[in-house]
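Colleague: return atomic coordinates for the entry below.
(one chain, ligands or ions: 1)
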Amino acid sequence: MLRGLMQGRPLLISSLIEYADAYHGDTEIVTRTVEGPIHRTTYRAAHRRARQLANALGRLGVKPGDRVATLAWNTYRHFEIYYAVSGMGAVCHTVNPRLFPPQIDYIVNHAADRILFLDLTFVDLVEKLAPALASVERFVIMTDRAHMPKTALEGALCYEDLIAGESDAFAWPLFDEMTASSLCYTSGTTGNPKGVLYAHRSTLLHSYAACMTDVLGLSARDSVLVIVPLFHANAWGLPYAAPLAGAKLVFPGYKLDGQSVHELLEAEKVTFTAGVPTVWLMLLEHLAKTGAALPHLERLVCGGSAMPRAMIETFETKYDVRSIHAWGMTEMSPLGTLGTLKAKHAGLAKDRQIDIQVKQGRGVFGVEMKIVGDDKNELPHDGKAFGDLLVRGPWICSAYFRENKPAVDADGWFATGDVATLDADGYMQITDRSKDVIKSGGEWISSIDLENAAVGHPKVKEACVIGVRHPKWDERPLLLVVPVEGAAPTRDELVDYLRDKVVKWWLPDDVVLVKELPHTATGKLLKAKLREEYKDYVLPTAG
Ligand code: AMP
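Modeller: Got it, this is the predicted structure:
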């Protein structure tokens, strides 16, 4: 081999904010703050404050490789933490505040987070959790002095005070591009949440890919509303891709209702936005109720759960917004496929085009995909054969954090847990899920955890939980119960029993008593069969 003679500058996250400062310094970052008012800053100011924060973290003793956690909404402060922490060589661990508190405990302890940044909305929660968060040395409340609450959190610091006195002189260090940059736990599997540990290199390559025209297509003329949370797979890469493109960033804080989202879309002349179907449903409801329009919005990416056909149709035909269906995973940084059309589809009738757009999309360069049958043999790309979807690529995880085993097979393929078809044009369509989880409003519910909790009830002999279609949340849990001989537990009785065992939004929407449940030869519940059987089941909450 003859070695190339090009520069080996490492691909580092700090270069993104340096670039945005140098070339798009006056481009805005707008936030609906947790405190309430709209806040405006720029890439230049955010870069300066990220350097001040890096100095502050150094003073608090944060070293390269240390984990620094956030429990926070999408705001400019959260964005600054992203860059300060990763830029200095530490690891930004975004914790999902919607998890059941014991899971938050588990995750923070597993990651051994040393500092925890939290929004005002989570002070009560963290006060309760604090005794269990053994590794956390410092809590930083992401607000200013005027809004600092009285708190039982020992030695809690105020974010603005923390950085106020710091110098903005900080030279981002150069290091190996495979260094860990951020950490995000996913519950998209069975058992405890697993940590996906991103690297600087994977993040930079993913950011380049994200900006491509047929992916997110970001440019310096875009105004980007980041609806997907910063704690969901790095908000699908937008906090990195937007500075790379020089696009304006708009952060919604915690208000994701239709009216609040619409206000930002209008006021900030948003051209691009991304989020899960539940949020877009709330926006469409608001638009229908008020008769409002979307004159600025050009493209809307929808993923995390399947984008319903009617939603694509409404955005495209009624509001003239291009709907881009996307699929990915926390383990994939997360972008995998995007549903953009090809030249040969231009002449098709709208209906036929939407037939293609309802599929999850075609693979992005950098993501190899294949489908395999039970015998592990590859299946044809004919749009009909379906099998387990495997992926491979430079921004796909190879192992989970602190698990001493690979998460991929001998050839480097990662099993997604999705069951899909692939067609001759490369479009992938999900037909089922082999992992035992339910996705409600973009968040995971573990059916196994619910089943284990339900069988604790004295009247329950066996329990099975499956996801059933729901118009607002995409899927909701349905609990199927085989009662013990002679018993007939009621729905309310069982749901009440689960109340202190799982977070409220995990509670099953309905309970059905059955005589028996189908099993495989090895005694496992045959969930695919049950999902098929109950696919048209109408939940009492569906109205
Ligand atoms: P997460 O790691 O939480 O981002 O979840 C990833 C999983 O969400 C995938 O493996 C799919 O099961 C599901 N998912 C993501 N996007 C879509 C989509 N567009 N349609 C259907 N399921 C999706």
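Colleague: for the rest of this, base every contact and every neighbour count on C-alpha atoms.
Modeller: Noted.
Colleague: number of nearby residues for D320?
Modeller: In terms of burial, D320 registers 17 neighbours under the definition other Cα atoms under 10 Å.
Colleague: do T317 as well
Modeller: Per other Cα under 10 Å, the neighbour tally for T317 reads 12.
Colleague: what pLDDT is listed against it?
Modeller: Among the per-residue scores, T317 shows a pLDDT of 96.
Colleague: enumerate the residues of the chain near the ligand.
Modeller: Contact residues, the chain versus the ligand (Cα under 6 Å from any ligand atom): 186, 188, 303-306, 325-330, 360, 416, 418.
Colleague: from these, keep the buried residues only.
Modeller: 186, 188, 303-306, 325-330, 360, 416, 418 (16 or more other Cα atoms under 10 Å).
Colleague: any idea which of these is least confident?
Modeller: G188 (71).
Colleague: can you classify it by secondary structure?
Modeller: Here G188 is recorded as coil under DSSP: H, G, I helix; E, B strand; the rest coil.
Colleague: you'd agree it is up against K435?
Modeller: Yes. Counting by Cα atoms under 8 Å, K435 is a contact partner of G188 at 7.3 Å.
Colleague: show me where the stretch 201-350 of the chain has its strands.
Modeller: For the stretch 201-350 of the chain, applying DSSP state E, counting those that start in this stretch gives strands covering 223-226, 248-251, 272-275, 299-302, 322-328, 335-338.
Colleague: quick one: list the elements packing against the helix or strand following the last one.
Modeller: Beyond strand 335-338 in the direction of the C-terminus, DSSP states H and E gives the next helix or strand as helix 350-357. Using 3 or more Cα pairs under 8 Å, 6 or more residues apart in numbering; DSSP states H and E, the elements in contact with helix 350-357 are helix 309-313, strand 322-328.
Colleague: what are the contacting residues of helix 350-357?
Modeller: Applying Cα atoms under 8 Å, 6 or more residues apart in numbering, the set of residues contacting helix 350-357 from outside is 309, 312-313, 323-325, 339-341, 345, 427.
Colleague: which SS class is V481?
Modeller: Secondary structure, three-state DSSP: V481 is strand.
Colleague: which two from the contacts of helix 350-357 end up farthest apart in space?
Modeller: Using Cα to Cα, the contacts of helix 350-357 span at most 19.0 Å, a distance reached by E313 and Y427.
Colleague: out of the helices and strands packed on helix 350-357, nearest to A233?
Modeller: A233 lies closest, by Cα to Cα, to one member of the helices and strands packed on helix 350-357: strand 322-328, at 9.5 Å.
Colleague: got the contact list for that closest one?
Modeller: Applying Cα under 8 Å, 6+ apart, the contact partners of strand 322-328 are 298-307, 312, 315-316, 334-340, 357-361.
Colleague: give me the buried entries from the residues you listed.
Modeller: Applying 16+ other Cα under 10 Å to the contacts of strand 322-328, the neighbour count classes 298-307, 312, 315-316, 334-340, 357-361 as buried.
Colleague: would CSV of the helices and strands packed on helix 350-357 with distance to A220 be doable?
Modeller: CSV is the format used below for the helices and strands packed on helix 350-357 (distance: least, Cα to Cα, whole Å):
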stretch, distance to A220
helix 309-313, 26
strand 322-328, 19
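Colleague: which among those is found nearest to G486?
Modeller: helix 309-313 (45.0 Å).
Colleague: which residues sit against that closest one?
Modeller: Contacts for helix 309-313 (Cα under 8 Å, 6+ apart): 281, 323, 354, 357-358.
Colleague: which parts of that helix are buried?
Modeller: Neighbour-count burial for helix 309-313 flags 311-313 (criterion: 16+ other Cα under 10 Å).
Colleague: for the stretch 401-543 of the chain, which segments are assigned as strands?
Modeller: Counting by DSSP E, counting those that start in this stretch, the strands of the stretch 401-543 of the chain are 414-422, 427-433, 437-440, 443-446, 460-470, 474-483, 510-513.
Colleague: any chance of those strands in JSON lines, with distance to M148 too?
Modeller: What follows is these, written out as JSON lines (distance: least, Cα to Cα, whole Å):
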{"stretch": "strand 414-422", "distance to M148": "43"}
{"stretch": "strand 427-433", "distance to M148": "45"}
{"stretch": "strand 437-440", "distance to M148": "34"}
{"stretch": "strand 443-446", "distance to M148": "30"}
{"stretch": "strand 460-470", "distance to M148": "40"}
{"stretch": "strand 474-483", "distance to M148": "38"}
{"stretch": "strand 510-513", "distance to M148": "42"}
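Colleague: picking up where we left off before, and the two most separated of the residues of the chain next to the ligand?
Modeller: T186 and H325 (21.3 Å).
Colleague: for the protein, give me the ranges with low pLDDT.
Modeller: Low-confidence segments of the chain (pLDDT under 70): none present.
Colleague: try it again with 90
Modeller: 187-192, 432-437, 446, 448-449, 520-528, 543 (pLDDT under 90).
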